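how would this look folded up:
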Amino acid sequence: MILELVILLVKIYLVFTVAVLLIFVARHYTFTLTRVFRFSREAYQDWACMATPPVTVLVPMHNEERVCLGVLEALERSSFDKTKLQVIPVNDRSTDRTAEIIDAFAAKHPWCQPFHRKEGKGGKAAALKDVMPLVKGDVVILFDADYLPGVGLLDSLVAPFMDPEIGLVMGRVVPSNGAHNLLTRLLEIERCGGYQTNQQARWRLGLVPQFGGTVGGIRRMALEAAGGWDEGMLAEDTDLTYRLLALGWKVAYINRAECYEEVVETWTDRRKQLRRWAMGHMQACLRHAWTLLRNPDLGHWEKIDGFLLLCVYFVPPLTFLAWLASAFLLMVRPDLFPSAVVVMLAVITFFSIGNFGTFYEISVALALDGVGKRQRLLPFLGGTYIASLFLVSEAVLKLAWSRIKGESHIAWDKTPRYRR
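Okay, here's the model as predicted:
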């Protein structure tokens, strides 16, 4: 009797998992077709270089001697009006030459005003929280220390704030070291699909583009109304996206506002990065999912897509458990399964039409960027997908364990720099 009940629960779980996967499949196909066939919404580019508000650029830095000068020199070349620009390199307890380098640069450029943080909690959100009293601009732009913004990027990111409904603006991130090895090439095409297809389609459909925490802008008034930065969140960008949505602000995505980053070059660093992203995203999901669904200012499709975006990192562990559940049924009740031929056809059909939805997003993005030959790397993404099942599942267990122990703050892993 107990065994039959367990089998019934396992079957229900498998049906639920398949339903969830099909929902995400439909979402990916919708984004892909939208990106190809639907005209773009107004991206505010005609407003660039018009009357602009005062802007503060924040660049969090922790032991960034390899890259900190590059982002400051790129901002020096910016076409943005320097009389309205304040750049604050946020030196967060660095123990290398970061402070020396940015102070030497600031001595020659009065619009650069370094902030040296000597103590406090670790993490990007904590550093940003401490520097906010020094911010003078009406708009706050964020760059990570390894980023290289183009000459007109600030103008493109600031332009949407002429629309009074816009609280957050996100630009496009493009890897600068994509040709280094296989991992960086795979991350490059993932970024391509994530921005050129996924983010752009969400913007075209009037859904919820995600603020990524860098290459983006925030209306300072909206940030203050939302309570500022939350130093307890690993994914402070996702958290801020949903806190501003709850207050009625909109998020804009500007696909042409490209900025260049370093992606991680080793699998060990990728593991730490993915785990941090997954845990932070899950934190945001647990905090904001219910508030999002009850938000009267959002349409039904905005709520659905926003909820799916929050839940995206729960899909890998859900799938991993479904594999284990299938193996259990196969061992306990092999008579439940049809013939091997039918099973094989079903698996092939699902993987070619369903599970490869994200791969089709990437293929379209590569074609739109004029680098269609990189589609030859898509089979290798199957391996990274398998790896993510285990890495994200590990993140779920770690987050659950921290909740059981009552830990309110989770250690933050810094991404290493590789610039030579």
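
in the chain, which helix or strand is least confident?
Ranked by mean pLDDT, DSSP states H and E, the weakest helix or strand in the chain is helix 340-349, scoring a mean of 50.

and after that helix, which helix or strand comes next?
Following helix 340-349 in sequence order, the next helix or strand is helix 357-368 (DSSP states H and E).

now the angle from whichever helix or strand comes after that following helix to helix 357-368?
On the C-terminal side of helix 357-368, the nearest following helix or strand under DSSP H and E is helix 378-405. Using axes from the mean of the first three to the mean of the last three Cα atoms, to 10 degrees, the direction of helix 378-405 lies 130 degrees away from that of helix 357-368.

Flag every buried residue along helix 378-405.
Neighbour-count burial for helix 378-405 flags 378, 381, 384, 388-389, 391-396, 399, 402 (criterion: 16 or more other Cβ atoms under 10 Å). In this view, the C-beta of every residue, glycine as well, is placed from N, C-alpha and C.

Likewise for stretch 123-140?
Within stretch 123-140, the residues that count as buried by 16+ other Cβ under 10 Å are 123-132, 135, 137-140.

same check, this time on stretch 106-126
With burial defined by 16+ other Cβ under 10 Å, the residues of stretch 106-126 counted as buried are 106, 111, 112, 114, 115, 117, 122, 123, 124, 125, 126.

And stretch 5-19, by the same measure?
7, 10, 17.

can you give me the mean pLDDT across the helix or strand containing residue 5?
Assigned by DSSP H and E, residue 5 falls within helix 2-37. Here helix 2-37 scores 85 as its mean pLDDT.

and it, how far from the chain's centre?
Relative to the centre of its chain, helix 2-37 is centred 23 Å away, using Cα atoms, centre = their mean, to the nearest Å.

Ok, stretch 220-236 next?
Centre-to-centre, stretch 220-236 and its host chain are 16 Å apart (Cα atoms, centre = their mean).

Could I have the CA atoms of it written out in PDB?
Taking C-alpha atoms only, stretch 220-236 is exported to PDB below (Å, rounded to 0.1, in the frame of the first residue of the first chain):
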ATOM      1  CA  ARG A 220      18.100  57.700  -7.800                       C
ATOM      2  CA  MET A 221      14.600  58.700  -6.600                       C
ATOM      3  CA  ALA A 222      13.300  55.200  -7.400                       C
ATOM      4  CA  LEU A 223      16.200  53.600  -5.600                       C
ATOM      5  CA  GLU A 224      15.600  55.700  -2.500                       C
ATOM      6  CA  ALA A 225      11.900  55.000  -2.600                       C
ATOM      7  CA  ALA A 226      12.600  51.200  -2.700                       C
ATOM      8  CA  GLY A 227      14.800  51.400   0.400                       C
ATOM      9  CA  GLY A 228      18.200  51.400  -1.300                       C
ATOM     10  CA  TRP A 229      20.600  48.500  -1.600                       C
ATOM     11  CA  ASP A 230      20.000  45.300   0.400                       C
ATOM     12  CA  GLU A 231      23.300  44.000   1.600                       C
ATOM     13  CA  GLY A 232      21.800  40.600   2.500                       C
ATOM     14  CA  MET A 233      21.100  39.700  -1.100                       C
ATOM     15  CA  LEU A 234      23.500  37.900  -3.400                       C
ATOM     16  CA  ALA A 235      21.700  39.000  -6.500                       C
ATOM     17  CA  GLU A 236      21.100  42.600  -5.600                       C
END
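
what about that stretch, average pLDDT?
Stretch 220-236 comes out at a mean pLDDT of 88.

mind listing what's buried in that stretch?
Residues 220, 222, 223, 226, 229, 230, 231, 232, 233, 234, 235, 236 are the ones in stretch 220-236 that count as buried (16+ other Cβ under 10 Å).

The third one against residue 140, yeah?
Yes: in this structure residue 223 lies within contact range of residue 140 using Cβ atoms under 8 Å: 6.7 Å.

which strands and helices sit next to the helix or strand harbouring residue 221?
Here residue 221 sits within helix 220-225, counting by DSSP H and E. Helix 220-225 sits against strand 139-142, helix 236-246, with contacts defined as 3 or more Cβ pairs under 8 Å, 6 or more residues apart in numbering; DSSP states H and E.

where exactly do the strands run in the stretch 151-300 of the chain?
For the stretch 151-300 of the chain, the strands defined by DSSP state E, counting those that start in this stretch occupy 166-175, 216-219, 250-261.

Next, the angle from the longest one to strand 166-175.
Spelled out, that is strand 250-261. Interaxial angle, strand 250-261 versus strand 166-175 (the same axes, to 10 degrees): 20 degrees.

Quick one: distance of strand 250-261 to the chain centre.
With Cα atoms, centre = their mean as the basis, strand 250-261 stands 12 Å off its chain's centre.

how about the CA coordinates for that strand, as CSV?
The C-alpha coordinates for strand 250-261 follow below in CSV (Å, rounded to 0.1, in the frame of the first residue of the first chain):
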residue,chain,number,x,y,z
LYS,A,250,9.3,50.2,-15.5
VAL,A,251,12.5,48.5,-16.8
ALA,A,252,13.9,49.4,-20.2
TYR,A,253,16.3,47.4,-22.3
ILE,A,254,18.6,49.0,-24.8
ASN,A,255,20.1,46.4,-27.1
ARG,A,256,22.4,48.8,-28.9
ALA,A,257,24.0,50.0,-25.6
GLU,A,258,26.9,47.5,-25.7
CYS,A,259,29.6,47.2,-23.1
TYR,A,260,32.5,44.7,-23.0
GLU,A,261,33.2,42.4,-20.1
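
just to revisit the earlier point, among the strands of the stretch 151-300 of the chain, show me which one is buried the most.
Mean neighbour count (mean count of other Cβ atoms under 10 Å) peaks for strand 216-219 among the strands of the stretch 151-300 of the chain, with a mean of 26.

ok, that one: who's next to it in the sheet?
Paired strands of strand 216-219, with direction, are strand 139-142 (antiparallel), strand 166-175 (antiparallel) (DSSP bridges).
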